[in-house]
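> Fold the following.
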Amino acid sequence: MNQLRSKPNYNMLKNANKLLIIAFALLTWCAALPALAQETEKDPAENTDKSGGDDEVSTVLTINNKDGIFSSTASFSFEIKNTYDTNQEGSISYNITTENGQIVKTLSKPVNLGKKSTSKYDFEVPNLKTGFYKVNMMINVSDYDDTTRRAFGIRPEEIRSQYARPADFDQFWQTAKDELAKVKPNYKITEVPSMNTENRKVYEIEMKSLDNLTIRGYMTVPISKNKNKKFSVLLGLPGYQVKLYPIVGLDPDLVIITLNTRGQGTSRDVIHTDRDAFISYHIEDKNKYVMRGVIMDCVRAVDFIYAQPNLRHDQIMATGGSMGGYLSIALAGLDHRVTLCSAQNPIMSDIRNLVGAVEWPINDIKKYTLSKPGVTFDQVLNNLDYYDTKNFATTIKCPTILGLGLLDPYVPPGNGYAVFNSMHGDKHLMVFKNLGHEVSQVYKDYEGRWMRDTFGLF
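All right, here's what the predicted structure looks like:
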């Protein structure tokens, strides 16, 4: 999987709008699940065969809606370009399935592509039920054989999870917060001069969290002549088994905090599992499951922000991708001190509906369950109801943006919409029909403008 860890080109950025600095900074933690395969956006025209020198067959599969969303009848087109000096004979076919792989429609037709020609085929699929569907478009001709995959949705605003929130969900998490409040944070802030830049100081931060575990992160603070200046805060939360580093930029108004929650990055003193094992660590007990502590680490980070006199307590944005998106939603749902929430491709979304739809994290969780005598998968699912993204989303009060890719192999779009449709407040959704477990620069640019406009940073 591609790791999005690009560093800002400061020479280029000096004359750019300040919001771009935020967009570049976000690249550091939007990547997640680093050792797992990632679907990436791909120019459909890249489906080509060039085995015959300069000659090729290329295809473009287009879902005929900007976001891949339809009210009833879905439509898509398949364009084939043949630059060979010979005809291409064979067939094209498609199958349309539900997110769980149930076939709802198939079609196959013969094709005879003239030499040096382009052909386009249009398809419509009417009377589909609410939900998301996968399209597998196949071509098999004389010199080319390939499959292109896309997805589309039908009335996704109607999607609701059939699985209820536990009746004691709020009490469960209030108990966790009460336990956290009894732990003295013992905040430590240590400047790291070797990491300082011309305009920012870099600090390593350290604090005690739930179960008296030490967690760490970084804080970068703009150098200002105004000693009484209070800075807005961007809190970056980590992807799955991603080590976060300090983020520096040219923005004079914003403190950037990156948090390495327990078991990740610089906070692996006590919990230091293998990558695959982390998601299942103590999952058989909802009161000991690793994510309980991880989420409380995020709450403790907000405690840290509130303890700093130079930080604005009314301007805190939590943001992250994959597990970081999950943590952003969980934090905003549990801690209303967060004033903006940005989540990209949040994992653990509508967990019970992930079963049969995705391999990760379900297969790793099942594998762990089988290794624990007396523990059943149903018991684990009951525990995971307390950790489902959609169940945190219902209590978010701050403005929220959510980014989803329709080809995401870990967060199927139907699951992502179940989360979005659970939110009751000010919310905005950005859908990327040709992306997998990521968002595009369009999202990052929007996020930067949105934050600056909301916080009044100009």
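> any chance you could read off phi and psi for C341?
Reported as degrees, to the nearest 10, the phi and psi values for C341 are phi -130, psi 130.
> Tell me how many other residues crowd it.
Counted with other Cβ atoms under 10 Å, residues neighbouring C341 total 28. Yep, even glycine has a C-beta here, placed from its N, CA and C like the rest.
> in what helix or strand does D85 lie?
In the assignment (DSSP states H and E), D85 maps to no helix and no strand.
> correction: N383
For N383, the element it lies in under DSSP H and E is helix 377-384.
> Only the buried residues of that helix, if you could.
379-381, 383-384 (16 or more other Cβ atoms under 10 Å).
> between those, which is nearest H282?
Comparing the buried residues of helix 377-384 against H282 with Cβ to Cβ places N383 closest, at 9.7 Å.
> how deep is Y187 tucked in, by neighbour count?
Y187 has 14 neighbours, counted by other Cβ under 10 Å.
> In three-state terms, how would the residue nearest to it when sequence neighbours are not counted be classified?
Distances taken as Cβ to Cβ, 6 or more residues apart in numbering place M207 nearest to Y187, at 5.1 Å, with adjacent residues excluded. Counting by DSSP: H, G, I helix; E, B strand; the rest coil, the backbone at M207 sits in strand.
> Might one say that M207 is in contact with M219?
No. Using Cβ atoms under 8 Å, M207 is not in contact with M219; the gap is 11.3 Å.
> list the contacts for S224?
Contact analysis of S224 by Cβ atoms under 8 Å, 6 or more residues apart in numbering lists P252.
> what ranges do the helices span in the protein?
Per DSSP state H, the chain carries helices over the ranges 10-13, 19-30, 169-181, 275-278, 290-306, 323-334, 362-370, 377-384, 389-393, 413-420, 441-455.
> Dump those to TSV, plus mean pLDDT and distance to F70.
Putting these into TSV (pLDDT from 0 to 100; distance: least, Cβ to Cβ, whole Å) gives the following:
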stretch	mean pLDDT	distance to F70
helix 10-13	33	40
helix 19-30	39	28
helix 169-181	99	34
helix 275-278	95	38
helix 290-306	99	36
helix 323-334	99	26
helix 362-370	96	29
helix 377-384	98	32
helix 389-393	99	24
helix 413-420	98	13
helix 441-455	96	21
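> With respect to T214, which of those helices lies nearest?
Closest to T214 of those is helix 290-306 (Cβ to Cβ; 10.2 Å).
> Please name every helix or strand in contact with the helix holding N383.
helix 362-370 (3 or more Cβ pairs under 8 Å, 6 or more residues apart in numbering; DSSP states H and E).
> now the helix it packs on against helix 377-384, angle please.
Angle, helix 362-370 to helix 377-384, by axes from the mean of the first three to the mean of the last three Cα atoms, to 10 degrees: 110 degrees.
> roughly how far out does helix 362-370 sit from the chain middle?
Centre-to-centre, helix 362-370 and its host chain are 22 Å apart (Cα atoms, centre = their mean, to the nearest Å).
> same question, stretch 221-238
Per Cα atoms, centre = their mean, the centroid offset for stretch 221-238 relative to its chain is 25 Å.
> So which of the helices of the chain is nearest E191?
Nearest of these to E191, taken as Cβ to Cβ: helix 290-306 at 16.0 Å.
> Return the list of helices and strands in contact with that closest one.
When contacts are defined as 3+ Cβ pairs under 8 Å, 6+ apart, helix 290-306 packs onto helix 169-181, strand 200-208, strand 214-222, strand 231-236, strand 254-260, strand 311-321, helix 323-334.
> Pull out the buried positions in the third one.
Of the residues in strand 214-222, those buried under the neighbour-count criterion (16+ other Cβ under 10 Å) are 215-222.
> helices or strands next to it in the packing?
Using 3+ Cβ pairs under 8 Å, 6+ apart, the elements in contact with strand 214-222 are strand 200-208, strand 254-260, helix 290-306.
> again with the fourth one
When contacts are defined as 3+ Cβ pairs under 8 Å, 6+ apart, strand 231-236 sits against helix 19-30, strand 254-260, helix 290-306, strand 311-321.
> Please repeat the previous calculation with a cut-off of 7 Å.
strand 254-260, strand 311-321 (3 or more Cβ pairs under 7 Å, 6 or more residues apart in numbering; DSSP states H and E).
> Most tightly packed of those strands?
strand 254-260 (a mean of 26; mean count of other Cβ atoms under 10 Å).
> what's the angle from the helix holding N383 to helix 290-306?
Put simply, helix 377-384 runs at 10 degrees to helix 290-306, going by the same axes, to 10 degrees.
> now what about helix 377-384, what contacts it?
Residues from elsewhere that reach helix 377-384, judged by Cβ atoms under 7 Å, 6 or more residues apart in numbering: 283-284, 286, 289, 351-352, 365-366, 369.
> What is the nearest of the residues you listed to A301?
Y289 (19.4 Å).
> That closest one touches F278, doesn't it?
No. Using Cβ atoms under 7 Å, Y289 is not in contact with F278; the gap is 11.1 Å.
> Dump the helices and strands packed on helix 290-306 into CSV; add distance to D145 as well.
Formatted as CSV, the helices and strands packed on helix 290-306 follow (distance: least, Cβ to Cβ, whole Å):
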stretch, distance to D145
helix 169-181, 50
strand 200-208, 53
strand 214-222, 49
strand 231-236, 44
strand 254-260, 46
strand 311-321, 35
helix 323-334, 37
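> Looking at the ones you listed, which is nearest to N82?
Closest approach to N82 among these is made by strand 311-321 (39.6 Å; Cβ to Cβ).
> How is the chain divided into domains?
What automatic domain parsing lists as the domains of the chain is 10-30+164-455, 45-64+72-154.
> For the residue nearest the centre of the chain, which residues are in contact?
Nearest to the mean C-alpha position of the chain, by Cα atoms, centre = their mean, lies N345 at 2.3 Å. If a contact means Cβ under 7 Å, 6+ apart, then N345 has 321-322, 325, 403-405, 408, 411, 437-439 as its contacts.
> what's the first-to-last distance across stretch 382-394?
Start-to-end span of stretch 382-394 (Cα to Cα, to the nearest Å) is 19 Å.
> same thing with stretch 313-332?
Stretch 313-332 has an end-to-end distance of 14 Å (Cα to Cα).
> ok, now stretch 364-383?
End-to-end distance of stretch 364-383: 16 Å, with Cα to Cα as the criterion.
> Also stretch 154-169?
End-to-end for stretch 154-169, by Cα to Cα: 31 Å.
> same deal with stretch 355-369?
Termini of stretch 355-369 sit 14 Å apart (Cα to Cα).
> cool, stretch 115-129 as well?
End-to-end distance (Cα to Cα), stretch 115-129: 40 Å.
> I'm done for today, thanks for sticking with me.
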